[in-house]
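A.B. asks: can you look at this prediction? I've put the sequence above it.
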Amino acid sequence: MTDITILHARWLITCEDRNQVLENHALVIQNGLIQAILPSDAAKQKFPAAKHELYNHHVLMPGMINSHTHSSMGYFRGLADDLALMDWLNNYIWPAEKKWISNDFVYDASMFAMAEMIRNGVTCFNDMYFFLEATAKAAQTAGLRAHIGMTVIDFPTPWAKSFEEYIEKGLAFYEQYKNNALIKATLAPHAPYTVCDEHLIRIKELADQLHLKINIHLQEAPDEITKSMAEFNMRPLQRLQKIGFLSENVIAIHMTQVIEEDWQILKKYKPQIVHCPQSNMKLASGGCPVTKLQSIGLNVALGTDGAASNNDLNMLGEMRTAAFLAKHITQDPTALSAEETLKLATLNGAKALGIDKVTGSLTVGKSADVIAIDLEQIETQPVYHPVSQIVYAASRQQITDVWVAGKQLLKQRKLLTLDEQEILAKAKAWQEKIAAVQLKQSA
């Protein structure tokens, strides 16, 4: 029994379809999997020789899934704020990426982002960026579960110069990691306004052939709709329907611009939706109609977007914002309850990525992707309903411990797989180089 670890907690929140909040229960972990969930007293009697760890003031729950981010953009955090999406992209972010991104930049920036995500209770993230192998290597070092998008965009970048090169490099990455337990490849055409029909059709064919998810920014902001109507006389969603692109394997990111004629298309094809409320609010892009999407049978997950537009990777903060925004938009205080919001960040994320049989809930047989949140703090006392306290009151500083596949990545707020001081030193070094050029140019 020495290879069995048992985590005892004041509360255990399963985040299953039929969620349970269990008091004074234990999670039995062996070979990276959840072997049993039972009352603490019973676990102590049944496994007396196992390693027992006590979390007497904590909630144990599934690790959070950041269903959309650009992890390497953390080095651009605070570089360009208080701007509309197209201004922000065209005049600040894309020029900065053209100047700075490289294999070394992406590796260092990914390590930086992963340190933040682990400290924020994220155990899995869905990424879209360049230099895919650099992100994958960083994720392997960190110990995180990562879905990494094979980005395609119809203009040259430091990563690739043509559609053919984007695909060639993406497929090489897929071949390298297709049997990896924690690293999975996805297809990632940037958006309908940056990828032509011919290339979108080819991407859909590859997705069908290789059984891959497709990530795409979709109907994110008003300017995107205006441009699509001017160029195609169709909204982006209509255009994707026309070329046969839509399916349940499409992960539609943002979806803030939804009007009556979109609903029948969404109901028919049921793409996965990723809601990024803080980024959308900061860029004034609009608000995703989460509750209405759910009412027609769509799965909605939660993402932070990149730290350049958020400006953090804080899924607890994202949950609170999502819940409040839904209530504000609908003028209904019952919209997006605390329990439903928690699922957006856990089980729904796993469903969106197609890994809900592996992770997303504390269920016997699933991977032990677990976090501990200390509720014995003034800010989260008294506790009547633990789920409400997590969504509406807890801060990321209360996340004390993190495990992925049974391996501990954070212990009492200390990173175990990453060197915090080295990561901070590299971030400061990159900031000095970037500021010397970018801030001078914008002055």
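C.D. replies: Great, that's in hand.

A.B. asks: what's across from the residue most central in space within the chain in the sheet?
C.D. replies: The centroid of the chain falls nearest to Asn66 when counting by C-alpha atoms, centre = their mean (1.7 Å). Beta-bridge pairing of Asn66 under DSSP bridges involves Phe125.

A.B. asks: I'd guessed it sits against Asp312; true?
C.D. replies: No. Judged on C-beta atoms under 8 Å, Asn66 makes no contact with Asp312 at a distance of 11.1 Å. Where you see a C-beta, it was placed from the backbone N, CA and C, and this is true even at glycine.

A.B. asks: quick one on the thing from earlier: show the contacting residues for the residue nearest to the centre of the chain.
C.D. replies: Shown in contact with Asn66 (C-beta atoms under 8 Å, 6 or more residues apart in numbering): Met117, Val122, Cys124, Phe125, Asn126, Leu302, Gly303, Thr304, Leu313, Met315, Gly349.

A.B. asks: and Ser361, helix, strand or coil?
C.D. replies: Three-state assignment for Ser361 (DSSP: H, G, I helix; E, B strand; the rest coil): coil.

A.B. asks: other residues contacting stretch 343-359?
C.D. replies: By C-beta under 8 Å, 6+ apart, the surrounding residues in contact with stretch 343-359 are 15-17, 19, 61-67, 123-124, 126, 145, 147, 184, 213, 249, 251, 272-275, 290, 299-302, 315, 318-319, 322, 336, 360-361, 366-367, 369.

A.B. asks: re the thing from before, ok, so of the contacts of Asn66, who is nearest Gln431?
C.D. replies: Leu313 (17.2 Å; C-beta to C-beta).

A.B. asks: per-domain residue ranges of this structure.
C.D. replies: Split into domains by automatic domain parsing, the chain comes to 4-62+367-412, 64-352.

A.B. asks: deepest of the ones you listed, which one?
C.D. replies: Of all the domains of the chain, domain 64-352 carries the top mean neighbour count, a mean of 20, counting by mean count of other C-beta atoms under 10 Å.

A.B. asks: can you tell me how far Gln408 is from Ile65?
C.D. replies: Taking C-beta to C-beta, to the nearest Å as the measure, Gln408 and Ile65 are separated by 19 Å.

A.B. asks: what touches both of Asn66 and Asp312?
C.D. replies: Common neighbours of Asn66 and Asp312, counting by C-beta under 8 Å, 6+ apart, are Thr304.

A.B. asks: kindly list the longest strand within this protein.
C.D. replies: strand 51-62 (DSSP state E).

A.B. asks: elements contacting that one?
C.D. replies: Using 3 or more C-beta pairs under 8 Å, 6 or more residues apart in numbering; DSSP states H and E, the elements in contact with strand 51-62 are strand 4-13, strand 370-374, helix 386-392, strand 399-404.

A.B. asks: just the mean pLDDT for the third one, thanks.
C.D. replies: Okay, so that is helix 386-392. Mean per-residue pLDDT for helix 386-392: 98.

A.B. asks: equivalent analysis for the shortest one, please.
C.D. replies: Model confidence over strand 370-374, given as mean pLDDT, is 98.

A.B. asks: that one pairs with which strands, parallel or anti?
C.D. replies: In its sheet, and by DSSP bridges, strand 370-374 pairs with strand 51-62 (antiparallel), strand 399-404 (antiparallel).

A.B. asks: what sits up against it?
C.D. replies: For strand 370-374, contacts defined as C-beta under 8 Å, 6+ apart pick out 7, 9, 27, 29, 55, 57-64, 121, 123, 362, 390, 394, 398-403.

A.B. asks: what of the last one?
C.D. replies: Residues from elsewhere that reach strand 399-404 (C-beta under 8 Å, 6+ apart): 29, 55, 58, 63, 118-121, 123-124, 143-145, 182, 316, 367-374, 408-413.

A.B. asks: for the very next helix or strand once past it, list the C-alpha coordinates in PDB.
C.D. replies: Next along the chain after strand 399-404, taking DSSP states H and E as the criterion, comes strand 407-411. The C-alpha atoms that make up strand 407-411 are tabulated as PDB, following Å, rounded to 0.1, in the frame of the first residue of the first chain:
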ATOM      1  CA  LYS A 407       1.900  13.900  -9.400                       C
ATOM      2  CA  GLN A 408       2.000  16.900  -7.100                       C
ATOM      3  CA  LEU A 409       2.900  20.100  -8.900                       C
ATOM      4  CA  LEU A 410       2.200  22.600  -6.100                       C
ATOM      5  CA  LYS A 411       2.500  22.000  -2.300                       C
END
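
A.B. asks: ok, strand 407-411: who's next to it in the sheet?
C.D. replies: Strand 407-411 pairs in its sheet with strand 399-404 (antiparallel), strand 414-415 (antiparallel), by DSSP bridges.

A.B. asks: in the stretch 201-350 of the chain, which spans are strands?
C.D. replies: For the stretch 201-350 of the chain, the strands defined by DSSP state E, counting those that start in this stretch occupy 214-218, 250-254, 272-275, 300-302.

A.B. asks: which strands or helices does the second one pack on?
C.D. replies: In this structure, strand 250-254 packs against strand 64-69, strand 214-218, strand 272-275, with contacts taken as 3+ C-beta pairs under 8 Å, 6+ apart.

A.B. asks: can you list the ones you listed in TSV and add mean pLDDT?
C.D. replies: Output for these, formatted as TSV (pLDDT from 0 to 100):
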stretch	mean pLDDT
strand 64-69	98
strand 214-218	98
strand 272-275	98
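
A.B. asks: as a markdown table, the ones you listed with distance to Ala429 would be great.
C.D. replies: Output for those, formatted as a markdown table (distance: least, C-beta to C-beta, whole Å):
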| stretch | distance to Ala429 |
| --- | --- |
| strand 64-69 | 23 |
| strand 214-218 | 31 |
| strand 272-275 | 32 |
